[in-house]
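S.K.: Let me see the structure of the following:
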Amino acid sequence: MRSDATQYVRFPSGQGYPVAFRPLSALADSMREVGLRPGRVLVVSDRNVANLYAKPVDQTLQADGWEPRVLALPPGETTKTPEHLQAIYDAALTWGIDRKTPIVALGGGVIGDLAGFAAATLLRGVPLVHVPTTLLAQVDSALGGKTGINHATGKNLVGAFYQPSLVLSDLHTLATLPEREWNSGSAEVVKHAIIGDQRLFDLLTESWGQFAVRDIDTTREVLRRACQVKIDIVSRDEREQGPRAFLNFGHTFGHALEAATEYETLAHGEAVAIGMRAALYLSRRYNPKLNYAELDALVSRIPAPPIPADIALGEVMQAMRTDKKAESGRLRFILVKRIGSPYVTDQIAAADVEAAWRHVLVT
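M.R.: Numbering: from 1, shown residues only. Now for the predicted structure:
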């Protein structure tokens, strides 16, 4: 794997995988380089992404001797259901896959989570290759092995940790990304800067205009640094027993907001952006020396639709109580002392949580 465009997730066990920034045309070669040999391969995508990229992926795989089959599912968060998971199982098992048959997840975070969970559970595990095509997936959801589907009581409540054999990201796929999805991914980029990289924070502050219009050189450097933050964390903590929890900065609030709006009003990154503003407000409440204005100013540059006026404080507080990050019934919050210094706490007064919610519900 070419080192100039590749980063590596490496676990203490010695296992790991490459995160390669290479064109889609390099997919077959990249799969060979991680030990996958031509045969059948199931490409799972959504219909929007498949219309754009299934053909070039199919062509590069066929040219190397693979026998690809594409399964295109409906787009959107509502696809992360047992019914669509079953559709992948049916397609794979009726086709006759074996334990060496890879699943290629071609798309954004929804497809990565869903196809990843299918790979984790089919035949007790088949090879998984992530080909993320959204900003959010390239910097966050495709890295680290989290897979799963949603449940009626909450998001991502059914799933598994399952590491891919390869992550291949083509920056040029971001050119076709709708503006709202770009903005959603920007939230995860900013999150990584706040919890782990002062230089990335400075780069975003100074070059937000270039990044927002997807200048390729700026985007390449931003993504490289943002990915490295997550790679460093998950390499130390594969199963979220320690510092990996820092990656949930903004998510305790964000997931509750998504649930309260029934996953229809806000994209995931938009909810996280609002959640980060609440988490920063809470962080300042417990650390008045926090450079709050600077941090909030950057987060506030992420465009997000207004929270529906009919969302009440009681609704989001109730939604928080189903958060899977709660331990022994206590919510765990990720707060920051300063850039690059996050911490986990469950010692937060309910009144302070309510104050943080009021701050974002009215601003």
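
S.K.: Where does pLDDT dip in the chain?
M.R.: The chain contains residues with pLDDT under 70 at 1-4, 323-329.

S.K.: which ones are touching the closest residue to Gly112 other than its chain neighbours?
M.R.: Among residues not flanking Gly112 along the chain, Ala105 sits closest, at 4.7 Å (CB to CB, 6 or more residues apart in numbering). C-betas here are computed from N, CA, C, even on glycine. By CB atoms under 8 Å, 6 or more residues apart in numbering, Ala105 lies in contact with 44-45, 111-112, 114-116, 119, 128-132, 142.

S.K.: how about a markdown table for these, with secondary structure and neighbour count added?
M.R.: As requested, the contacts of Ala105 are exported to a markdown table (DSSP: H, G, I helix; E, B strand; the rest coil; neighbours: other CB atoms under 10 Å):
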| residue | secondary structure | neighbour count |
| --- | --- | --- |
| Val44 | strand | 27 |
| Ser45 | strand | 26 |
| Ile111 | helix | 31 |
| Gly112 | helix | 29 |
| Leu114 | helix | 27 |
| Ala115 | helix | 28 |
| Gly116 | helix | 27 |
| Ala119 | helix | 29 |
| Leu128 | strand | 26 |
| Val129 | strand | 25 |
| His130 | strand | 28 |
| Val131 | strand | 28 |
| Pro132 | strand | 28 |
| Ala142 | coil | 31 |
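
S.K.: quick check, nearest of those residues to Gly35?
M.R.: Nearest to Gly35 among those: Val129, at 11.6 Å, using CB to CB.

S.K.: hang on, the earlier thing: any idea whether the residue nearest to Gly112 is helix, strand or coil?
M.R.: On the three-state scheme (DSSP: H, G, I helix; E, B strand; the rest coil), Ala105 is labelled strand.

S.K.: Give me the distance between it and Val34.
M.R.: 15 Å (CB to CB, to the nearest Å).

S.K.: Same check on Arg225?
M.R.: Distance of Arg225 to Val34, computed by CB to CB: 24 Å.

S.K.: cool, Thr345 as well?
M.R.: 39 Å.

S.K.: who has more neighbours, those two?
M.R.: Taking other CB atoms under 10 Å, Thr345 and Val34 do not tie; Val34 has more neighbours (17 against 13).

S.K.: any idea how far the more buried one is from Val19?
M.R.: From Val34 to Val19 the distance is 11 Å (CB to CB).

S.K.: can you check Ala212 too?
M.R.: For Ala212, the distance to Val19 - CB to CB - is 24 Å.

S.K.: and those two? which has more neighbours close in?
M.R.: Counted by other CB under 10 Å, Ala212 and Val19 do not tie: Val19 has more neighbours, with 26 against 18.

S.K.: Tell me what the more buried one is bridged to.
M.R.: Taking DSSP bridges, one finds Gln7, Val167 as the beta-bridge partners of Val19.

S.K.: Contacts for the lengthiest helix in the chain next, please.
M.R.: The helix that spans the most residues within the chain, counting by DSSP state H, is helix 216-236. Residues outside helix 216-236 that contact it (CB under 8 Å, 6+ apart) are 7-12, 16, 19, 21, 135, 138-140, 143-145, 169, 171, 174, 188-189, 192-193, 195-197, 199-200, 203-204, 207, 210-211, 242-244, 246-247.

S.K.: Which among these count as buried?
M.R.: Neighbour-count burial (16 or more other CB atoms under 10 Å) applied to these gives 7, 9, 11, 16, 19, 21, 135, 138-140, 143-145, 169, 171, 174, 188-189, 192-193, 195-197, 200, 203-204, 207, 211, 243-244, 246-247.

S.K.: Using CSV, write out every CA atom in stretch 96-112.
M.R.: Provided in CSV are the C-alpha atoms of stretch 96-112 (Å, rounded to 0.1, in the frame of the first residue of the first chain):
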residue,chain,number,x,y,z
GLY,A,96,-24.0,-18.4,-2.3
ILE,A,97,-21.2,-16.5,-0.6
ASP,A,98,-18.6,-18.1,1.5
ARG,A,99,-16.4,-16.8,4.3
LYS,A,100,-13.9,-15.4,1.8
THR,A,101,-16.5,-13.3,0.0
PRO,A,102,-15.9,-9.6,0.8
ILE,A,103,-18.7,-7.1,1.3
VAL,A,104,-17.8,-3.7,-0.1
ALA,A,105,-19.7,-0.9,1.7
LEU,A,106,-20.0,1.8,-1.0
GLY,A,107,-21.6,5.0,0.4
GLY,A,108,-22.0,7.0,3.5
GLY,A,109,-22.4,6.3,7.2
VAL,A,110,-25.7,4.5,6.9
ILE,A,111,-24.4,2.0,4.3
GLY,A,112,-21.2,1.5,6.2
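
S.K.: And it, what's buried?
M.R.: Those would be 97, 101-112, for stretch 96-112 by 16+ other CB under 10 Å.

S.K.: so Trp182 touches Gln138, yeah?
M.R.: No. With contact defined as CB atoms under 8 Å, Trp182 does not reach Gln138; the gap is 11.3 Å.

S.K.: residues contacting Thr81?
M.R.: Counted by CB under 8 Å, 6+ apart, Thr81 has contacts Ile149, Asn150.

S.K.: Need phi/psi at it.
M.R.: Backbone torsions for Thr81, taken as degrees, to the nearest 10, come to phi -130, psi 160.
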